[in-house]
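Enquirer: Fold the following, please.
(chains A and B)
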There are 2 protein chains.
Amino acid sequence: MTGSNDSENSEKFWIDFSKQPDGLIPAIVQDADTNEVLMMAYMNEEALKKTMTTRKAHYWSRSRRKLWLKGEESGNFQTVRDIRIDCDEDTILLIVEQKGCACHLGYKSCFFRNIDGDIVEERLLDPDTIYSDHKSQE
Amino acid sequence: MTGSNDSENSEKFWIDFSKQPDGLIPAIVQDADTNEVLMMAYMNEEALKKTMTTRKAHYWSRSRRKLWLKGEESGNFQTVRDIRIDCDEDTILLIVEQKGCACHLGYKSCFFRNIDGDIVEERLLDPDTIYSDHKSQE
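Expert: Below you'll find the model as predicted:
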């Protein structure tokens, strides 16, 4: 990642957000140490720029319709080590150092269930405390 | 995965495709041996059912608007070892044994470039031969 990508010219990102119907690109998030797939979220151009300049993962929340710094409420920030783009230039892969857990339900990864609905990962945190504990530290 | 999921009732998949605006779910594809993220594609309910019953990854091609058996033209099939769903039940993670390479450009993974456009993976196959070699074997 270079600082030169923090410009107004989206071509420098190798991704043309304007080509996407909703201006959003899916971002797959992978743990830098374990290679575990942690979650998927969506980025607009502003989220990608913020991610590149701050090295903290930012996304576009489709439900809240706002820019979202991952960890802003839970403290579970993602420090970005690398950003990859796919051959079609319409998907991003973020390789991150995950603080705490990625999933709001207290699992390291959001993919903690198999297709039969069986839970196949250990829960790391009590979801009731993820947000309250962080707030009490602020 | 159990055979009981091959029914007409989509609730058994823990994913309600009808909730998606276009009836499609993004599927992240991860290599079972290396944990490398190989690609992302989209599934409709038929693609998921076919994937579960055949254990070969099937997707919905948005550009060709048809069901697509990965490897049907290249021979680079994906044998599915596990299927995960995320906490929001709107993304799938396929864990696969990848034959050959996942990317149509001859790289193991479609994420062979970083955000600056630098190629960071080795090319495994000449893309000109991926499809012709397979066809000549048929």
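Enquirer: residue contacts, A:Asp86?
Expert: A:92-93, B:39-40, B:110-111 (Cβ atoms under 8 Å, 6 or more residues apart in numbering or on different chains). Where C-beta positions appear, they are placed from N, C-alpha and C, glycine not excepted.
Enquirer: how much space between it and A:Trp68?
Expert: 22 Å (Cβ to Cβ, to the nearest Å).
Enquirer: Run a quick neighbour tally on the residue of chain A found nearest chain B.
Expert: Per Cβ to the nearest Cβ, A:Asn35 is where chain A lies closest to chain B, at 3.5 Å. Residues within reach of A:Asn35, counting by other Cβ atoms under 10 Å in any protein chain shown, total 14.
Enquirer: ok, it - contacts?
Expert: B:34-36.
Enquirer: and with 6 Å instead?
Expert: Residues near A:Asn35 by Cβ atoms under 6 Å, 6 or more residues apart in numbering or on different chains: B:Asn35.
Enquirer: Tell me the confidence at it?
Expert: We have a pLDDT of 97 for A:Asn35.
Enquirer: what about A:Leu48, which SS state?
Expert: State at A:Leu48, reduced to three classes by DSSP: H, G, I helix; E, B strand; the rest coil: helix.
Enquirer: how close does it get to A:Lys19?
Expert: For A:Leu48, the distance to A:Lys19 (Cβ to Cβ) stands at 14 Å.
Enquirer: same thing with A:Met43?
Expert: Taken as Cβ to Cβ, the span from A:Met43 to A:Lys19 is 14 Å.
Enquirer: Tell me which of those two has more neighbours.
Expert: More crowded of A:Met43 and A:Lys19, by other Cβ under 10 Å: A:Met43, with 25 against 11.
Enquirer: re earlier: need the contacts of A:Asp86 in TSV (columns: pLDDT).
Expert: Shown next, in TSV, are the contacts of A:Asp86 (pLDDT from 0 to 100):
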residue	pLDDT
A:Ile92	98
A:Leu93	98
B:Met39	98
B:Met40	98
B:Cys110	98
B:Phe111	98
